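**Q** A predicted structure for the sequence below; I have some questions about it.
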Amino acid sequence: MNPPCGDSSGNDAISEVHPIERRGRLACIDAIKGIALLGIVIENVRFFSMPFARAIASPWSFEGNTLDRILAALDLAFGHQKFLALFTLLFGFGLAAQRKRLIAARSSTLPFESRRLFWLGAIGLLHALGLFFGDILFVFAGVGVMTLPLLSRSIRLRLTLGLFLILLSGVLVARTPLQQWLAPTSDAITPVATLPLNEITTPVEANTPDPLSISVTDLERPPLPAVGPWIDVTRQRFNSWRGSMGYAVRFYGWFLFGLVLLGTVLHERGFFRPEARSWRSRVSLGCLSIGVPLEIMHALPPEVRGTGGAVAVWWAFVHPIAAAAVAVGYAGVIADLVERGRLPMTRCFAAVGSMSLTAYLLQSILLASIFRWWGLGWFGTVGQSMAIAIGVTVYGVVLVASLLWNRHFLLGPFEWLWRWFTYLQRPPIRRHPQSAAPQRGIDLQR
């Protein structure tokens, strides 16, 4: 049996590229993915439940009751961007692991990798236009395409470029508060909600579409001829998705690109192997000792951490860098806990992580069913704490569904489709009685 965080890819080369079951999977990778998805749903629930300007300002607004303010501060210090960064690191890790197995199998890498990323992008586009404009899968596909040519380059080059891109993302996001500080009369940027200048750390352009601010009443008005709510909402969601893609090009896409490259470096350096525990712990604790204090200071009230244009520029620059450091620290700490058997609910988190694509999409389906006009219509009716509670509840439903599904099936339904289109042959999905026990290892498709 493989160790929980061992990397068996070097000893389990496949003779040809074909659908595999769950051999070589890494239990700690699945557990980290599952935990990352919990953090992601807590972040995403805001964009399902409240207007865009309010959702994007929530981590900094400290509005509402005492519980809302406490949760906003905790989210900013320990959650905001960290779990997306953690999931992105694992995406890069998977790209490097997949390339290694393809080379070991003496198979052509480009056709397989191109199909895989094409279909990931297609799924992401459908998700964005059908459920959630903030989809990350399409961006992952684009970043993956840019990463593939670099997988054959040296570890040092990828590490240097990854760190540079993360620093660049800090510069790009700090550009807006810098412009506001130097030219306060500029009307190029509309402040988020009613926050003062020193509280703005994420820019929202004046012409950014705001489909989530559409009320249920607006959507229930008599439609124009041949134009109903579904067409109107789809058009609005497309415009909003287009705006989010523009924001990806201007800022967070480079942040994710840097993290993907760091993820490939983690794979090459055997970050999750048991024999790397010592240096992994040093790296993780070092990253946490730098990132966590900065993010805690960032989450303090303005009168404590400072006010003014220069302060806003500083924290806008530091936030993505500190978030990336915390994500690396989270990855190492969780891996250590899994190896030592000290992570509570490891099996539950791993069940979600083993079918992370399905879990991510299911979370969106459930949140849309709660907040959209065609569902319960709770949009705009809940505060920060209630939104987070709903997000955690949705994750609980996804967790239970994942545990039940994994009892009978080898793959999540969307993983099965994705693999079918990638391998160009239908993979098995039902679990045979003799393979009912969970198996460990790394999956070429992930």
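**A** Nice, I can see it.

**Q** export stretch 39-58 as PDB, just CAs?
**A** Only the C-alpha atoms of stretch 39-58 are listed here, as PDB (Å, rounded to 0.1, in the frame of the first residue of the first chain):
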ATOM      1  CA  GLY A  39     -12.800  27.700   1.800                       C
ATOM      2  CA  ILE A  40     -13.900  28.300  -1.800                       C
ATOM      3  CA  VAL A  41     -17.600  27.800  -1.200                       C
ATOM      4  CA  ILE A  42     -17.400  30.200   1.800                       C
ATOM      5  CA  GLU A  43     -15.900  32.800  -0.500                       C
ATOM      6  CA  ASN A  44     -18.200  32.200  -3.500                       C
ATOM      7  CA  VAL A  45     -21.500  32.200  -1.400                       C
ATOM      8  CA  ARG A  46     -21.200  36.000  -1.100                       C
ATOM      9  CA  PHE A  47     -21.400  36.400  -4.900                       C
ATOM     10  CA  PHE A  48     -24.400  34.200  -5.000                       C
ATOM     11  CA  SER A  49     -26.200  35.800  -2.100                       C
ATOM     12  CA  MET A  50     -25.600  39.600  -2.500                       C
ATOM     13  CA  PRO A  51     -25.000  42.400  -5.000                       C
ATOM     14  CA  PHE A  52     -21.600  42.300  -6.600                       C
ATOM     15  CA  ALA A  53     -20.300  45.500  -5.100                       C
ATOM     16  CA  ARG A  54     -21.300  44.400  -1.600                       C
ATOM     17  CA  ALA A  55     -19.900  40.900  -2.100                       C
ATOM     18  CA  ILE A  56     -16.500  42.100  -3.200                       C
ATOM     19  CA  ALA A  57     -16.300  44.600  -0.400                       C
ATOM     20  CA  SER A  58     -17.500  42.300   2.400                       C
END
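
**Q** Quick one: mean pLDDT for it?
**A** Looking at stretch 39-58 alone, the average pLDDT works out to 85.

**Q** One more: stretch 314-327?
**A** pLDDT averaged over stretch 314-327 gives 94.

**Q** ditto for stretch 133-146
**A** On average, stretch 133-146 scores 93.

**Q** ok, now stretch 375-382?
**A** Mean predicted confidence for stretch 375-382 is 89.

**Q** For this structure, which segments are assigned as strands?
**A** For the chain, the strands defined by DSSP state E occupy 24-25, 441.

**Q** Pick out the shakiest of the ones you listed, pLDDT-wise.
**A** Averaging pLDDT over each of the strands of the chain puts strand 441 lowest, since it has a mean of 38.

**Q** Isn't residue 44 up against residue 390?
**A** No: Residue 44 is beyond contact range of residue 390, at 11.1 Å (criterion: Cβ atoms under 8 Å). All C-beta atoms are positioned from the backbone trio N, CA, C, and that covers glycine.
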